[in-house]
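*Asks:* Got a sequence here, can you model it:
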Amino acid sequence: MSDEAEFTGFVHAYSAALLRLAYYLTADRGLAEDLLQVTLTKTFLAWHRIVDRDAVHAYARRTMVRTATAWWRRKSWHGEQVRDVVPDSATADRFGEIDERTRVLAAVRGLPARQRAVVALRFLEDYSEAETARLLGCSPGTVKSHSARALKHLRRTLTEPVPMLDLVEEER
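*Replies:* Numbers count the residues shown, from 1 in each chain. Next up is the predicted model:
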């Protein structure tokens, strides 16, 4: 199979998961799509150097986190205004679920970039502390510290209990 065909297969298999991670990292649909495109471009350019094809997804995730971190450092997207969007296709019985999700996402958007990345990787993508540390290029202790601070902030910010945060507390 040619490199181009293999890459196309990779894109079809993993782009949805990568877009979800990009959204967790950026909290903005447009920026998430931009981050996904940059990540896929970088992955394609490195495709011939990636010997272990089973590790391509991990390579792409790491590239995405590093690219997002570089964007945060440059503050290239901090001029954007975050707005809550109500989906048009929601049914009346799902409004409560949408409201809760919107509330949590708004609170997560208020976190500093590194804490938001830790929350996205640890609690939304379900990575271990060690995997999160490896992806972010820091120690597991730093991941624990960012995680604790982020959860403390989220608990303070969200006035009503949110089941996701209660489950995280039970795991400790």
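*Asks:* Every contact and neighbour count from this point should use C-alpha atoms.
*Replies:* Fine.
*Asks:* pLDDT wise, what is residue 130 at?
*Replies:* Listed pLDDT for residue 130 reads 92.
*Asks:* surely it meets residue 142?
*Replies:* No: the pair residue 130 / residue 142 is not scored as a contact, 10.4 Å apart, by C-alpha atoms under 8 Å.
*Asks:* What segments of the chain are helices?
*Replies:* Ranges of helices in the chain, per DSSP state H, are 3-26, 29-46, 56-74, 95-109, 113-119, 129-136, 140-157, 163-171.
*Asks:* what's the most buried one of these?
*Replies:* Here the criterion is mean neighbour count by mean count of other C-alpha atoms under 10 Å, and of the helices of the chain the winner is helix 113-119, at a mean of 23.
*Asks:* Any stretches of the protein with poor pLDDT?
*Replies:* For the chain, the stretches with pLDDT under 70 are 1, 75-99, 159-172.
*Asks:* Quickly list the domain ranges of it.
*Replies:* 3-74, 92-171 (automatic domain parsing).
*Asks:* Any idea how far the shortest one is from the middle of the chain?
*Replies:* Its chain's C-alpha centre lies 11 Å from the corresponding centre of domain 3-74 when counted by C-alpha atoms, centre = their mean, to the nearest Å.
*Asks:* Do me a favour and get the end-to-end distance for it?
*Replies:* One end of domain 3-74 to the other measures 33 Å (C-alpha to C-alpha, to the nearest Å).
*Asks:* same check, this time on stretch 114-130
*Replies:* End residues of stretch 114-130 are separated by 15 Å (C-alpha to C-alpha).
*Asks:* Return the distance of that stretch from the chain's centre.
*Replies:* Distance, stretch centre to chain centre, for stretch 114-130: 8 Å (C-alpha atoms, centre = their mean).
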